[in-house]
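In: Sequence and predicted structure below; questions after.
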Protein chains: 2
Amino acid sequence: MATESSIVRFTNCVLACCGQAKREDLFIDTGTGKIIDESDPRVDKALVVNLNGRILSPGLLEVQLNGAKGFDFSDVPVDNMESYASSFRRTSQGILEMGVTSFLPTLVTSEAQTFKIAMPIVRPNGAQRDHELGAESLGCHCEGPFLSRERKGAHPPDLLLEPVKRIESILGFYGVDSLGAPISKENAGQQISAIRKITLSSELPGMLETIRTLTREYGIVCSLGHSPATYEEGLAAVRAGANMLTHLYNAMEPCLHRSPGLVGLIGAPETDLSTPPIERPFFGLIADGVHVAPSCARMAWAVHKNGCILTTDGTAATGFDLPDGTFEWTHGRTVVKKGEKLFLEGTDTLAGGTTTLLQCVSNLIRWTGCEAAEALQTVTATPARMLRCEDTKGTLKVGADADLVVLSWSEGEKNSRELQVDEVWKFGKRCFTRKE
Amino acid sequence: MATESSIVRFTNCVLACCGQAKREDLFIDTGTGKIIDESDPRVDKALVVNLNGRILSPGLLEVQLNGAKGFDFSDVPVDNMESYASSFRRTSQGILEMGVTSFLPTLVTSEAQTFKIAMPIVRPNGAQRDHELGAESLGCHCEGPFLSRERKGAHPPDLLLEPVKRIESILGFYGVDSLGAPISKENAGQQISAIRKITLSSELPGMLETIRTLTREYGIVCSLGHSPATYEEGLAAVRAGANMLTHLYNAMEPCLHRSPGLVGLIGAPETDLSTPPIERPFFGLIADGVHVAPSCARMAWAVHKNGCILTTDGTAATGFDLPDGTFEWTHGRTVVKKGEKLFLEGTDTLAGGTTTLLQCVSNLIRWTGCEAAEALQTVTATPARMLRCEDTKGTLKVGADADLVVLSWSEGEKNSRELQVDEVWKFGKRCFTRKE
C-alpha cells in the first residue's frame, strides 16, 4: 500500500494516552500510517484537522471478540472459504466503525477443522498496512477447547479436550502452521503465529508444562479461564508463564474469602509474588453490566487498575440491531436474546455479550467516576502491554501506528453521558466519520 | 487527675499520622494529656525524649475486641460485679501494653442481663483521663443479639433476637441507661451512651427504622454483620444510617459476581451513591491471615483504603500465651485452640482471633507493600473517623489526646519485619516501656 505521503496535524483536541489527558496537537504521516514527532520538518505543511475540543485516543483494542454485526467467527463453513473470508472482512470493517482498530478474532471451542480452516483468514493482517481490511487482526484468540468441563459456560462439552501429550496435543489440534515456528534468533520479534493468545484451564493434566512451552518457545499469550482452578493452582500457572485471566469472575470459581480462586490472583499479596518475582496477571472484564455486577467490576478495577482490560465477549449480536428472540448459533444450538442479555436456550448460561467496547468504557466511567483517559487505558495501553505491542498499538507516542479514534460525549439514558465514535483512523487513513 | 503540668518534646522520630510519615518533633502537655503546638511558649523548657529514629504513632484504636489476656468481656458473673470490674481493669491495662490506647469492649450475643450488668463497667471512661485505667473504653460494641440465624457464626442461636418493636426492643434489651438519652441541644457532642456501636443484621424485620433511630436520635454507630443481606438490602441499610460492615467477608454472604452481598458495598459504583448522596461504608477486616485469605484482605484494602479498619476480633486468647488445647468459653461452650486458630468445639466455625492488632498491621504491610504510616491509618485515623472522634483520637494534631505509641521493627519469621511496641503513652503519661 504505497501511497503519497502527507502530514496531518490534529489540533484543538484532548489526547487520551496512557491514562492521562493532555491538550496537545498530534502529527501523523498518512503515508507510513505512523505517528510522527512535531520536530519533523514536514509538519509546517500539515493538513490541519480541528477536533473542536474532542478526545483523540488510540484506537480501541479488543482481545475477546467472538463476532459482531451478525457474524460469528466460529461459524466456519467446511466448504466455502471465500464466503468466510468475505464475512470476516465485512465484519472487520463493521468493527472498525465501533472504534476498535485492532482485535483478536476469538474462536470458541469447536472441532479442530474449524480452527484449521479459519486460521489463514483470521491470522494477523497488519503487515499489509491496509486500512480497507477494517479492524486489524493481531492474531487469533483461541478460547478452547482446552477448558474445564466444570466451568464450560456456553462451550459445547463434547468438544472439550485435555492436552494429554502437552504441546504435541496443542500443535496437533490447532495445526502446526497456526502456532508458527518456535522463537529463534532469526525470527525474534516477529509475529509469526496465526494464534496470539490461548485461553486454557491450567489445572488440566500437563497444562503447566504446556503453558511454559507456549509462552517461552512460541511467544503465545496464555490466559486462564473456564477453569475451576484454586488460587494456588492459578499462581502456579502464572509462575509457568500465564499472564492473563479470561473474563474475570465469569466461568471461574467464586472468590470466597478463604478460597479466593483465580479472582484472588488480581489481589495477590506481595508475599506471593517473590522468588522468583512474578506479576499479578492482566484480566479481561466484561463491563456490560450483565456479566458482572457494577460493584464487582469497580472492585476489580480498583484492585488492579494496571491489569484491567475491558472486553465485550461480543457475538454476532454486537453492533447489530437484533430484536429479542431465538436465534441459531454455532454447533446446531440456539440462543435467546432478551435486551442486552444473550442466553444459551433453555438455560441461564450467558452466551456472550451484545454491547460495544466503547459502551463498556462509558460504563466504567459511570461506575467508578474515573476520567475518560483513565478508562480508555483499559482498552488501549493495557491490552497492548499484555500483548507486548505497547510501542505500536494503544499509544500516541511517536513511531506508533496512527490507529486513532475521535470521541465525543452524547447524552445517554437517565442523563448519563456516553462516549460515541465520531471518527476512526486506521494506518493514518480516515475510515469512518459518524453521520450526524 | 490534676497533675503537675510539664511539656515533653519527642525528637528524632518519624511521625505516622493520617497515612503520611513525617520527620518532625511532637510536643505534648503531660498535665492536660494533650498534644500542643510548637509555638507554645513552654516548649523551650520541654523534657526531650529522643526516639532514635523510631516511629511515633497515635495509639491504636480497636473497635472489635471481645477480650484479651485470658479474659472475655462477655464472661459476666451474675453476682460478682467487683470481680468483673477488676478483671476488666486488668485486661484494659494488658491491652494498653499491646499498643491499643482506646477500644470498644465488645460484648457478643448474650442474655440481656449480661449486657445490663456489664454496661456500667465497660462504658466510656475517658472523661476521667486516668492513664492507670489502661486502654480507654470509647463505649461498648454490642455484637448481637440482633443478628441473623443464617449467619450466626459462633454466636449462640438460642439467644438471637429480632427487634420486633423496633427501638423499644433495643431499649428494652440493652437497658435504657445503656443507650443514654436521645441527642438534644443540651447534650449535643457529648458521649452519653454506654453503647458506642451495635452490630446488627439489617434485613431483620423493622431493622431499617431501628437503624434510623439509633444513628440519628442516639448517635450510635450501626454496623452491618452476621447477616445474609443482599447488596441491595445493605445499600438500603447504609441509606438508613449504617456506616460500617463488621468483619468484612466473615459471617456474611460470599461476594458473587452477580450477587455481591454486603461485601459489594465497599466497591459500590458511583451510580449507587447518589440521590441523596451516601458514602461507601467503613469495614472491619480481621487481618490475622486466618479469618480472611491475604489476597482477599489486600483486595478489600485496595478497593476502599479510606474505609479499611483492621480489627482482631480478639478473645481471651489474645496477647496471652495459651497452649493449644480445649478451653471453656461463654455460655457453657468450649473452644479449641490450634496455633493461631480458635474454633467452636466440634465445628470449623472460627470463634474469634488470637493475634494482636499490631500483628495485623504488620501483616497488611507485608501483603500490600504499603508504608507503615499508611497501614497504621487503618487502626488510628480511620476508626476515629468512623466513630466521629477524629479530632481527639487516632491523630497527632494539636488538641488531640496524647495517646501515643513508639514502634520499632523486629525480625519476624522468614525474614519478615514485624512492628513491635516499644513505648505506650496514655493521656500524656508513659505507661509502658518494652523490656529488652
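Out: That came through fine. Residues are numbered from 1 along each chain as shown, chains lettered A, B, ... in the order given.
In: quick one, strands of the stretch 151-300 of chain A?
Out: Per DSSP state E, counting those that start in this stretch, the stretch 151-300 of chain A carries strands over the ranges A:195-200, A:221-224, A:244-245, A:282-286.
In: and residue A:348, how many residues sit next to it?
Out: Residues lying near residue A:348 (other Cβ atoms under 10 Å in any protein chain shown) number 7. Any C-beta I mention is one placed from the backbone N, CA and C, and that applies to glycine too.
In: about what we covered before: out of the strands of the stretch 151-300 of chain A, which is closest to residue A:394?
Out: Judged by Cβ to Cβ, the one of these that comes nearest to residue A:394 is strand A:282-286, at 12.7 Å.
In: tilt between the closest one and strand A:195-200?
Out: Put simply, strand A:282-286 runs at 80 degrees to strand A:195-200, going by axes from the mean of the first three to the mean of the last three Cα atoms, to 10 degrees.
In: Which one, of the strands of the stretch 151-300 of chain A, ends up nearest to residue A:368?
Out: Across the strands of the stretch 151-300 of chain A, closest to residue A:368 is strand A:282-286 (Cβ to Cβ), at 11.7 Å.
In: Give the full set of residues in contact with residue A:88.
Out: By Cβ atoms under 8 Å, 6 or more residues apart in numbering or on different chains, the contact set of residue A:88 is A:71, A:73, A:105, A:121, A:122.
In: among those, which are in strands?
Out: Among these, the members falling in strands (DSSP state E) are A:71, A:105.
In: Can you tell me which of the contacts of residue A:88 lies closest to residue B:94?
Out: The nearest one, if we look at the contacts of residue A:88 relative to residue B:94 and count by Cβ to Cβ, is residue A:105, at 65.3 Å.
In: residues in contact with the closest residue to the closest one other than its chain neighbours?
Out: Leaving aside its chain neighbours, residue A:105 sits nearest to residue A:122 (4.1 Å; criterion: Cβ to Cβ, 6 or more residues apart in numbering or on different chains). Contact partners of residue A:122, counting by Cβ under 8 Å, 6+ apart, are A:73, A:88, A:105, A:107, A:137, A:140, A:194.
In: want to try a markdown table for these, with distance to residue B:301 and pLDDT as columns?
Out: Shown next, in a markdown table, are these (distance: Cβ to Cβ, whole Å; pLDDT from 0 to 100):
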| residue | distance to residue B:301 | pLDDT |
| --- | --- | --- |
| A:73 | 40 | 96 |
| A:88 | 45 | 98 |
| A:105 | 39 | 98 |
| A:107 | 39 | 97 |
| A:137 | 40 | 98 |
| A:140 | 38 | 97 |
| A:194 | 42 | 95 |
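In: top helix in chain A by residue count?
Out: Counting residues, the longest helix in chain A under DSSP state H turns out to be helix A:81-96.
In: Would you mark the buried spots in that helix?
Out: Neighbour counts over helix A:81-96 (16 or more other Cβ atoms under 10 Å in any protein chain shown) mark A:84, A:87, A:88, A:91, A:92, A:93, A:94, A:95, A:96 as buried.
In: likewise stretch A:53-61?
Out: Of the residues in stretch A:53-61, A:54, A:55, A:56, A:57, A:58, A:59, A:60, A:61 count as buried by neighbour count, 16+ other Cβ under 10 Å.
In: before we move on, back to that, quick check: pLDDT value at the residue nearest to residue A:105.
Out: Here the pLDDT value assigned to residue A:122 is 96.
In: State the distance from it to residue B:429.
Out: Applying Cβ to Cβ, to the nearest Å, the value for residue A:122 to residue B:429 is 75 Å.
In: Next: residue A:151.
Out: Distance of residue A:151 to residue B:429, given as Cβ to Cβ: 60 Å.
In: and what of residue A:412?
Out: Counting by Cβ to Cβ, the gap from residue A:412 to residue B:429 is 61 Å.
In: more crowded one of those two?
Out: Neighbours per residue (other Cβ under 10 Å) separate residue A:412 from residue B:429, with residue B:429 holding more: 18 against 15.
In: Mind listing the residues bridging to that one?
Out: Beta bridges link residue B:429 to residue B:426, judged by DSSP bridges.
In: same deal with the one 4 residues further on?
Out: The bridge-partner assignment for residue B:433, based on DSSP bridges, gives residue B:423.
In: Name the residues of chain A found near chain B, please.
Out: Contact residues, chain A versus chain B (Cβ under 8 Å from any Cβ of the partner chain): A:231, A:249-250, A:254-260, A:264-272, A:291-299, A:302-304, A:366-369.
In: buried stuff in stretch A:370-384?
Out: Within stretch A:370-384, the residues that qualify as buried by neighbour count (16+ other Cβ under 10 Å) are A:370, A:372-384.
In: Take those residues and lay them out in TSV including distance to residue B:29.
Out: Listed next are those as TSV, based on distance: Cβ to Cβ, whole Å:
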residue	distance to residue B:29
A:370	45
A:372	51
A:373	50
A:374	46
A:375	51
A:376	54
A:377	51
A:378	52
A:379	57
A:380	56
A:381	54
A:382	53
A:383	58
A:384	58
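In: Closest one to chain B out of the buried residues of stretch A:53-61, please.
Out: Closest approach to chain B among the buried residues of stretch A:53-61 (Cβ to the nearest Cβ): residue A:55, at 20.1 Å.
In: what about stretch A:333-340, average pLDDT?
Out: 90.
In: Identify the residues contacting that stretch?
Out: A:156, A:288-290, A:315, A:317, A:322-329, A:342-345, A:351, A:353-355.
In: give me that answer again for 7 Å
Out: Applying Cβ atoms under 7 Å, 6 or more residues apart in numbering or on different chains, the external contacts of stretch A:333-340 come out as A:288, A:290, A:317, A:322, A:324-329, A:342-345, A:351, A:354-355.
In: With stretch A:70-78 instead?
Out: If you take Cβ under 7 Å, 6+ apart as the criterion, stretch A:70-78 is touched by A:66-67, A:83-84, A:87-88, A:91, A:105-108, A:110, A:113-114, A:117-118, A:122, A:315-316, A:320, A:330.
In: got the buried residues for that stretch?
Out: Buried positions in stretch A:70-78, judged by neighbour count with 16+ other Cβ under 10 Å: A:70, A:71, A:72, A:73, A:74, A:75, A:76.
In: for stretch A:410-426, same thing?
Out: Neighbour-count burial for stretch A:410-426 flags A:418, A:419, A:420, A:421, A:422, A:423, A:424, A:425, A:426 (criterion: 16+ other Cβ under 10 Å).
In: one step back: got JSON lines for the contacts of residue A:88, with distance to residue B:9 too?
Out: JSON lines is the format used below for those (distance: Cβ to Cβ, whole Å):
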{"residue": "A:71", "distance to residue B:9": "76"}
{"residue": "A:73", "distance to residue B:9": "72"}
{"residue": "A:105", "distance to residue B:9": "69"}
{"residue": "A:121", "distance to residue B:9": "77"}
{"residue": "A:122", "distance to residue B:9": "72"}
